[in-house]
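# structure, please.
(one chain, ligands or ions: 1)
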Amino acid sequence: MTDTHTSLGSAGRAMAPPDGPDHLPPPPPLNVRGQAALFLDFDGTLVEIAEHPDAVVVAPHLPELLTALSRRLQGRMALVTGRSIAALEGLLGRVEVAVAGSHGGEFRPAAHAGIEALAAPLPLDVVAALQDFAAAHGGLLVEPKPFSAAIHYRGRPEVLEALLTCTQGLASAKGLGLKHGKQVIELTMPGSDKGSAVARFLTLPAFAGATPVFLGDDVTDEDAFHAVRAAGGHGVLVGAMRPTAAAFRLPDVAAVHAWLEEGLGAMAAPAETDRENRA
Ligand SMILES: O=P(O)(O)OC[C@H]1O[C@H](O[C@H]2O[C@H](CO)[C@@H](O)[C@H](O)[C@H]2O)[C@H](O)[C@@H](O)[C@@H]1O
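Numbers count the residues shown, from 1 in each chain. Below is the predicted model of the structure:
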């Protein structure tokens, strides 16, 4: 099944460059000696897309890989997902990594910190309106989150036009953001997206002076690609080529895992780095 979605970032920016290259090179190895900061999307980047949000398969080594990377980067790493943090941890377990969830609506600034709300809760009547639409159209999946709600139309492309009319009306009436991802439309509280989440991480002491890298597959990751570019870093598009603000590309989830493992393998543990610095 193809994943059709809009060609605009969620902030409505055209993804640069619209007439840009038809291919992008693979990213350089993670800059282990420098001050790399690593930001990772989840669905389509760390796990393959599945027919249902609960059906994704987490590779057994993935939680350990993420925790090890975060430690080696001395906390300069975060997962930045459209899922709620609770849903993410339901799949991954409690990984020791900073996280932004619900498209930047919720924020855990460090591995062992509490979760901060960066947006007001979505009004309950918005979720009810999406559930009414879902019931009237053969039972689409509605995924409520603390600061956004997703309605999935995977396998039901015929409802897209009506769904866009419904969600655009709700977004306009309630002053909400609308994100059109892979076979999903999400309504979000205004003022937060993956770009604002990355920018917030970069203000934290742990990320000071870091050169950020963001890996993501979906158009909703374009806000984050813009944010890392603005901070002197770069985005890595995962999947098929499309107009994007990313500078590099990896073809699939397997290539992402291989790139992360290569980066981890090349990294000296902090204790070893200290020894090298003293030598
Ligand atoms: O930002 P992400 O971590 O990539 O999350 C984006 C959305 O991912 C999930 O939906 C997508 O993945 C599902 C499982 O592969 C798939 O069935 C669905 O069609 C995709 O849109 C998740 O359910 C959403 O809440 C996330 O916002």
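# for the stretch 1-150 of the chain, what spans make up the strands?
Remark: strands assigned in the stretch 1-150 of the chain by DSSP state E, counting those that start in this stretch are 36-40, 77-80, 98-101, 106-108, 116-117, 141-144, 148-152.
# any chance of those strands in CSV, with distance to the ligand and mean pLDDT too?
Just so you know, the C-beta spots here come from the backbone N, C-alpha and C atoms, and that holds for glycine as well. Shown next, in CSV, are these (distance: least, C-beta to the nearest ligand atom, whole Å; pLDDT from 0 to 100):
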stretch, distance to the ligand, mean pLDDT
strand 36-40, 9, 97
strand 77-80, 7, 98
strand 98-101, 9, 97
strand 106-108, 12, 96
strand 116-117, 17, 94
strand 141-144, 5, 96
strand 148-152, 4, 96
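# mind putting those strands into TSV with mean neighbour count?
Formatted as TSV, these follow (neighbours: other C-beta atoms under 10 Å):
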stretch	mean neighbour count
strand 36-40	24
strand 77-80	28
strand 98-101	27
strand 106-108	22
strand 116-117	12
strand 141-144	17
strand 148-152	25
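# can you put those strands in CSV and add distance to A255?
Listed next are those as CSV, based on distance: least, C-beta to C-beta, whole Å:
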stretch, distance to A255
strand 36-40, 13
strand 77-80, 18
strand 98-101, 23
strand 106-108, 27
strand 116-117, 33
strand 141-144, 28
strand 148-152, 26
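# could you work out which of these reaches nearest to G233?
strand 36-40 (7.4 Å; C-beta to C-beta).
# could you report the neighbour count for H112?
Neighbour count of H112, defined by other C-beta atoms under 10 Å: 9.
# what does it show for phi and psi?
Main-chain dihedrals, H112, degrees, to the nearest 10: phi -110, psi 10.
# ok, which of the strands of the stretch 1-150 of the chain comes nearest A50?
Closest among the strands of the stretch 1-150 of the chain, using C-beta to C-beta: strand 148-152, at 11.2 Å.
# what's the closest one packed up against?
In terms of contacts (3 or more C-beta pairs under 8 Å, 6 or more residues apart in numbering; DSSP states H and E), strand 148-152 is packed against helix 124-136, strand 141-144, strand 184-188.
# who's in contact with the closest residue to the ligand within the chain?
Of all residues in the chain, the one sitting closest to the ligand is G82 (2.4 Å; C-beta to the nearest ligand atom). Listed by C-beta atoms under 8 Å, 6 or more residues apart in numbering, the contact partners of G82 are 42-43, 101-103, 148, 150, 179, 181, 186, 194, 218, 220.
# out of the residues you listed, which comes closest to V159?
A150 (14.4 Å).
# isn't the closest one right up against Q183?
No: A150 lies out of contact with Q183 (C-beta atoms under 8 Å); the separation is 10.2 Å.
# count of neighbours near L24?
Using other C-beta under 10 Å as the criterion, the residues surrounding L24 number 17.
# ok, it to L38 distance?
Distance, L24 to L38, by C-beta to C-beta, to the nearest Å: 18 Å.
# ok, now A224?
12 Å.
# same check, this time on A245
A245 is 18 Å from L38, by C-beta to C-beta.
# again, but for G105
Taking C-beta to C-beta, one finds G105 at 22 Å from L38.
# up against the ligand, what does the stretch 101-250 of the chain have?
E143, A150, H152, R154, G181, K182, Q183, V184, E186, D218, T220 (C-beta under 6 Å from any ligand atom).
# all helices of the stretch 101-250 of the chain, in order?
For the stretch 101-250 of the chain, the helices defined by DSSP state H, counting those that start in this stretch cover 124-136, 160-174, 194-201, 222-230.
# packing partners of the first one?
This means helix 124-136. strand 141-144, strand 148-152, helix 160-174.
# outside of the shortest one, which residues touch it?
Spelled out, it's strand 141-144. 52-53, 87, 122, 127, 130-131, 134, 149-152, 154.
# give me the low-pLDDT residue ranges for this protein?
1-21, 32-33, 268-279 (pLDDT under 70).
# what residues go with each domain of it?
Annotated domains of the chain cover 36-118+192-278, 124-188 [automatic domain parsing].
# most tightly packed of those domains?
Per-stretch averages of neighbours, counted by mean count of other C-beta atoms under 10 Å, single out domain 36-118+192-278 among those, with a mean of 19.
# nice, that's everything, thank you.
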